[in-house]
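Engineer: The following block contains a protein sequence and its predicted model.
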Amino acid sequence: MENIPKHTKKEDYWESFIEICLTDEEKIKREKGKLSREHMKLPHTSGRLGCARIEEELGIGRDGNGRVRGLGTGVTKTVVHASALYIKIVEEEKRKHESTDENVKLVMQRLDEETRARKILEKKLEGYAPEFENTSPQCHAESLQPLLPCVSVLCRLLGQPSI
């Protein structure tokens, strides 16, 4: 009864508090509390919030003087919000580069196909070259007939008008 906290009215609250604390029911509660605190695996004195919530708040949260905790010294909220725009711009640029890389790959594949088609046509034309040397100009048109489908395919691949 002698250790009354400051700003407490002796007659109103302190005496009734002491009476409650001295009951058998309260003593049992205190003993149970002691046992449960001894068996705690993750003891903390952070109030009602769980460990995960407190860990999150401590990791990145509000800090004094407009700073952001968890991101290093000198980082303010303004810097974090301003950098979000630049992060978006960088992501868009990465997507553009990826799409241009894909376009380059497609163009390279087309070039390879056109090169293969041109080589095939050159081989076929080499086979017909001896025939053209000994014939007249009128016969050239007749001997070109079997090559017209190949030439038209090659012209389409190269984007040029066909014969």
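Structural biologist: Cool, the structure landed.
Engineer: Low-confidence ranges, this protein, go.
Structural biologist: The model of the chain has pLDDT under 70 over residues 1-2, 4-12, 44-46, 57-72, 129-163.
Engineer: So L49 lies in a helix, does it not?
Structural biologist: No - read with DSSP: H, G, I helix; E, B strand; the rest coil, L49 is coil and lies in no helix.
Engineer: can you give me phi and psi for it?
Structural biologist: Torsion angles at L49 (phi, psi; degrees, to the nearest 10) stand at phi -70, psi 150.
Engineer: what's the spacing between it and M40?
Structural biologist: 15 Å (C-beta to C-beta, to the nearest Å). For every residue, glycine as well, the C-beta is placed using N, CA and C.
Engineer: between those two, who's got more neighbours?
Structural biologist: Shown here are L49 and M40; by other C-beta atoms under 10 Å, L49 has more neighbours (12 against 8).
Engineer: all helices of the chain, in order?
Structural biologist: Using DSSP state H, the helices found in the chain span residues 15-21, 24-38, 51-59, 77-133, 137-144, 148-158.
Engineer: quick one: which of these is nearest N3?
Structural biologist: N3 sits nearest to helix 15-21 of all the helices of the chain, at 10.2 Å, using C-beta to C-beta.
Engineer: For that closest one, output the C-alpha coordinates as PDB.
Structural biologist: Provided in PDB are the C-alpha atoms of helix 15-21 (Å, rounded to 0.1, in the frame of the first residue of the first chain):
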ATOM      1  CA  GLU A  15      -6.900   0.100  -2.800                       C
ATOM      2  CA  SER A  16      -9.400  -1.600  -5.100                       C
ATOM      3  CA  PHE A  17      -6.600  -2.700  -7.400                       C
ATOM      4  CA  ILE A  18      -4.700  -4.200  -4.500                       C
ATOM      5  CA  GLU A  19      -7.800  -6.100  -3.300                       C
ATOM      6  CA  ILE A  20      -8.300  -7.600  -6.800                       C
ATOM      7  CA  CYS A  21      -4.600  -8.600  -7.100                       C
END
